[in-house]
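Q: Based on what follows, work out the 3D shape:
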Amino acid sequence: MQKVDLVIIGAGPAGMAAAFTAAEAGLRVTILDEQPRAGGQIYRDIDRATARRSAILGKDFTYGKTLTKGLHHAEITHVTGAVVWAIEDGFRIAYSRNGKAAQITADQIILATGALERAMPLTGWTLPGVMTAGAGQILLKQSGIVARRAVLVGSGPLLYLIAAQMVRAGTPPLAMVETQTRTDMIRGVRHLGGALRGWRYLAKGAALLGQIVRAGVPRYAGATDITISGQRKAESVTFQHRGKTHTIPCDTVLLHHGVVPNTQTARSIDIAHHWEDVQKCFAPQVDAWGATSKTGVFIAGDGAGIGGAKVAEIAGRITALNVVHSVGKLSQADRDRQAAPLFSAKARELAVRPFLDTAYPPFAPALLPADDTIICRCEEVTAGAIRGYAKIGCLGPNQTKAFGRAGMGPCQGRYCGLAVTALLADANGRTPDDTGYYRIRAPLKPVTLGELASMDTDAADAVE
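A: Now for the predicted structure:
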């Protein structure tokens, strides 16, 4: 079985930056990347982007090429299409690629699994034609496809970015139905000092809004009572705005109200987590260097807490420096000296987050949906069913599996987990921390008997 100094799971900004930093220090690094090409979600397919697509997606997207270049380092092995489904004792990592399973071991592991879009359960959200805004952006980045006759629903800066990209592509959205309120914005003013430190983000946001306004895209901020209607697919969005009912016919609905850390891999190896009340999600407990409660396992990027692409890149470099120090290839003094400007840059990039998190909170009715709203899409379990479980003694998400199979589908609660925790916590009058989350076990992703039978313990063969 092949063994390397460091395995990094994920090739987004954190994973790529960490790999290059560690390789430059002499570590043998293997990146296991589920995608066919490096970049993660934010820089997806950057190396194949045409000039036209790059112009649509903007300079923040094309910056990703500076990171993908680093993966050509002689000490880095980038394994694409590698679906990691287990991390076992001794840091033995099992993954599948091209229909075959393989294993690799490492002295240290960095989880750079990034973020997931928060599920936004609304009436009609399971209809064909309804997807996350990030999925719509994937179509644009990877295939050059722009959703037509689309309505954007939710809140957060990503909605403005996607709307502006659609405008630049010549297919603007029909409307933006935004859930943040004037009260949210007023609360955000408390963090204006930090926001001004992050003025570049505010300037980018203003520029995006300018493009949207000039394109004549209608915006409905503070929308409530949002429902998606249609017989066999999404056909319209209905909502309340300033005391009036509006209905917008459409073909596509793009939902978004924030991103949350992808914690499945970390939870599978019993890394401690805690509830982040501002972002309404769980995050792993890590120190400033990305070290977790499990010796030898580090987390970098949005998987440790939402900060964005630049923060993820910086965090990847910081964590890699700590890994290099932990294996004895960098003194503590040199580690601290090299990391000092990175910590300063990270603090500057994070200064705007309190304002953004407060001014653009998750849509409350989607955190605690109506009883008839499906929560677990895999098993078609409704919010009302979850509340019903609480009435007969269900205290936590793991029990819901026995009460009604919630969380037992292919995604293993990856998308419904936070909603199930929130519903049970509310129904039982307990905190999310007390309520807990699903216990995640291997395999993390579906794996076939054929893949298991073909298990090749020599990862070098699997890379061919």
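Q: wait, what's in contact with the residue nearest to the spatial centre of the chain?
A: The chain has A115 as the residue nearest its centroid, 1.7 Å off, counting by Cα atoms, centre = their mean. Applying Cβ atoms under 8 Å, 6 or more residues apart in numbering, we find A115 in contact with Q41, V259, V260, P261, N262, D302, G303, I306. Placement of C-beta: from N, CA and C, glycine included.
Q: Quick check: which ranges of the chain have low pLDDT?
A: By pLDDT under 70, the low-scoring segments of the chain are 456-464.
Q: Can you pull the domain assignment for it?
A: Using automatic domain parsing, the domain parsing of the chain gives 3-116+260-330, 121-256, 364-430.
Q: Convert the longest strand belonging to the chain to CSV, retaining C-alpha atoms only.
A: Among the segments of the chain that qualify as a strand by DSSP state E, the longest is strand 100-111. What follows is strand 100-111, C-alpha atoms only, in CSV (Å, rounded to 0.1, in the frame of the first residue of the first chain):
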residue,chain,number,x,y,z
LYS,A,100,-12.3,0.5,-8.9
ALA,A,101,-11.5,1.0,-5.2
ALA,A,102,-8.0,1.7,-3.8
GLN,A,103,-6.4,2.7,-0.5
ILE,A,104,-3.6,5.0,0.5
THR,A,105,-2.1,5.9,3.8
ALA,A,106,-0.5,9.1,5.1
ASP,A,107,1.2,10.5,8.1
GLN,A,108,-1.0,13.6,8.1
ILE,A,109,-4.4,14.5,6.5
ILE,A,110,-5.9,17.8,5.6
LEU,A,111,-9.6,17.9,5.0
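Q: can you pull out the helices in the stretch 251-400 of the chain?
A: 264-268, 309-326, 332-350, 353-359, 364-367, 383-391, 397-404 (DSSP state H, counting those that start in this stretch).
Q: which of those helices is buried the deepest?
A: helix 309-326 (a mean of 26; mean count of other Cβ atoms under 10 Å).
Q: what's near enough to touch the residue lying closest to S229 once chain neighbours are set aside?
A: Leaving aside its chain neighbours, S229 sits nearest to S236 (5.0 Å; criterion: Cβ to Cβ, 6 or more residues apart in numbering). By Cβ under 8 Å, 6+ apart, the residues touching S236 are I228, S229, G230, T247, I248, P249, C250.
Q: Please, which helix or strand holds the first one?
A: It refers to I228. strand 224-229 (DSSP states H and E).
Q: May I see the buried residues of that strand?
A: I226, I228 (16 or more other Cβ atoms under 10 Å).
Q: distance between that strand and the chain's centre?
A: Distance of strand 224-229 from the chain centroid (Cα atoms, centre = their mean, to the nearest Å) equals 25 Å.
Q: what's the answer for stretch 214-234, then?
A: 24 Å.
Q: what's the first-to-last distance across that stretch?
A: 27 Å (Cα to Cα, to the nearest Å).
Q: outside of it, which residues touch it?
A: 122-125, 127-130, 153, 163, 167, 172-182, 212-213, 235-242, 246, 250-253, 363, 365.
Q: Of these, just the buried ones, PyMOL syntax please.
A: Here the buried members of the contacts of stretch 214-234 are turned into a PyMOL selection, burial being counted by 16+ other Cβ under 10 Å:
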select buried, resi 122+123+124+125+127+129+130+153+163+167+172+173+174+175+176+177+178+179+180+181+212+235+236+237+238+239+241+246+250+251+252+253+363+365
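Q: So which of the contacts of stretch 214-234 belong to strands?
A: Short answer: these in strands (DSSP E) are 130, 153, 175-178, 236-241, 246, 252-253.
Q: Out of the residues you listed, the closest to Y437 would be?
A: V130 (25.5 Å; Cβ to Cβ).
Q: Contacts only, for the closest one.
A: G124, I228, A234, T252, V253, L255.
Q: Compute the distance between it and Q231, please.
A: 14 Å (Cβ to Cβ, to the nearest Å).
Q: Distance-wise, check the residue nearest to S229 relative to T252.
A: On the measure of Cβ to Cβ, S236 and T252 end up 11 Å apart.
Q: now swap in A135 and tell me
A: Applying Cβ to Cβ to A135 and T252 gives a distance of 10 Å.
Q: next one: G308
A: Distance check for G308 against T252: by Cβ to Cβ, it reads 26 Å.
Q: Between which two of the contacts of V130 is the distance greatest?
A: G124 and T252 (12.7 Å).
Q: Kindly tell me how buried G154 is, as a neighbour count.
A: When counting by other Cβ atoms under 10 Å, one arrives at 29 neighbours for G154.
Q: Check the one 3 residues further on too.
A: One way to gauge burial is a neighbour count; for P157, by other Cβ under 10 Å, it gives 18.
Q: now the one 4 residues further on
A: By the measure other Cβ under 10 Å, the count of residues near L161 is 19.
Q: And for the one 10 residues further on?
A: A count of neighbours around T171, defined by other Cβ under 10 Å, yields 15.
Q: residues touching it, list them.
A: T171 sits next to V146, A147, R148 when contact means Cβ under 8 Å, 6+ apart.
Q: Quick check: phi and psi on it?
A: Dihedral angles of T171 (phi, psi; degrees, to the nearest 10) stand at phi -130, psi 70.
Q: before we move on, what about A221?
A: Torsion angles, degrees, to the nearest 10, at A221: phi -80, psi 150.
Q: coming back round to it: for the contacts of V130, which one is nearest D434?
A: The closest of the contacts of V130, once distances to D434 are taken by Cβ to Cβ, is L255, at 29.1 Å.
Q: Hmm, G124 and the closest one touching each other?
A: No - between L255 and G124 there is no contact under Cβ atoms under 8 Å: 10.4 Å.
Q: Any figure for the gap between the residue nearest to the centre of the chain and G258?
A: According to Cβ to Cβ, A115 stands 9 Å off from G258.
Q: Sweet, I'm off.
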